[in-house]
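J.: Need a 3D model of the following:
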Amino acid sequence: MMQVPEKVKPLYEKLFRKYSLEVEPLSIRGKEIKLVKPSNIEELLPADSSTSLENFPFWVKIWEAAVVLADFMASLKPVERVLEIGAGLGVVGLTAAAFGHKEVVITDYEEECLDFLRLNAALNELENVRIERLDWREPRELGQFDLIVGAEVVFSGRYFEHLYRLFHKYLAPGGIVYLAHDRERLRTLAPFLYLAEKEFEQAVSQRKLRAADETYEIIISRLIPRKDTLETRNSA
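T.: Okay, the predicted model is just below:
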């Protein structure tokens, strides 16, 4: 059994009884982020599961876009508050916390995912992290943030409006949204950014990540609310 902080031993043991676990270390600019994750995805699928994408536990994968966005967060001057949405295993938020961003709220929707996030925050001894459940359709009060970040969170047109509203709700004045997606997701990302132009000033950059024998092209999008749309949203 790995060395687990006392305060999360019951949580670790609960997950250990249910799943085969492994620790995957991730090196970001000289710091190691340890990620506990299920080693067998089959254990997360319902017994009567079909091969439908709806049943696949996407949160269990360390996405290349998350690694690139984590590296980007490590390069930024630390801010007061960061919100990660659709965090999965928390690669981006945990890295942000490890590199000095003062308070990092890491969110996802799935309860199982939240357990792994709590475990990983404790395993990396990050006291400046808060784990919260967040439903994009009915976002709870979490305060406002200097940065909102997310990797591979634009995946369906039915969530576009929820994301726009979420950004306006949670961004502090002068706040910025950073999103990262594999270029292969451009078919969904492009219309999201096109529609977002009405409400957000944008900038897009592209980075490459070499992993094993593959090179991934990752798009980082920066969104800043336009003042006129922010005032309209707030008065609505």
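J.: make it CA atoms for all contacts and neighbour counts henceforth
T.: Will do.
J.: For residue 161, which three-state class applies?
T.: Following DSSP: H, G, I helix; E, B strand; the rest coil, residue 161 is assigned to helix.
J.: Renumber starting at 12 from here on
T.: Done: numbering now begins at 12, and the last item shifts to residue 172.
J.: ranges for the helices of the protein?
T.: Per DSSP state H, the chain carries helices over the ranges 20-29, 75-86, 102-109, 122-134, 171-181, 197-207, 238-246.
J.: Could you check the angle the first one makes with helix 122-134?
T.: In terms of direction (axes from the mean of the first three to the mean of the last three C-alpha atoms, to 10 degrees), helix 20-29 departs from helix 122-134 by 130 degrees.
J.: Quick one: mean pLDDT for helix 20-29?
T.: Model confidence over helix 20-29, given as mean pLDDT, is 94.
J.: Equivalent analysis for the fourth one, please.
T.: Across helix 122-134, pLDDT averages out at 95.
J.: From the contact counts, what lies against it?
T.: Counting contacts by 3 or more C-alpha pairs under 8 Å, 6 or more residues apart in numbering; DSSP states H and E, helix 122-134 is packed against helix 20-29, strand 42-49, strand 114-119, strand 140-144.
J.: looking at those, which is closest to residue 187?
T.: Among the helices and strands packed on helix 122-134, the nearest to residue 187 by C-alpha to C-alpha is strand 114-119 (14.6 Å).
J.: give the contact list for residue 37.
T.: Taking C-alpha atoms under 8 Å, 6 or more residues apart in numbering, we find residue 37 in contact with 43, 44, 45, 46.
J.: Looking at these, spot the one nearest residue 27.
T.: residue 46 (14.2 Å).
J.: quick one: that closest one and residue 191, what's the gap?
T.: 20 Å (C-alpha to C-alpha, to the nearest Å).
J.: Low-confidence ranges, the chain, go.
T.: Flagging of the chain using pLDDT under 70 yields the residue ranges 12, 57-66, 240-247.
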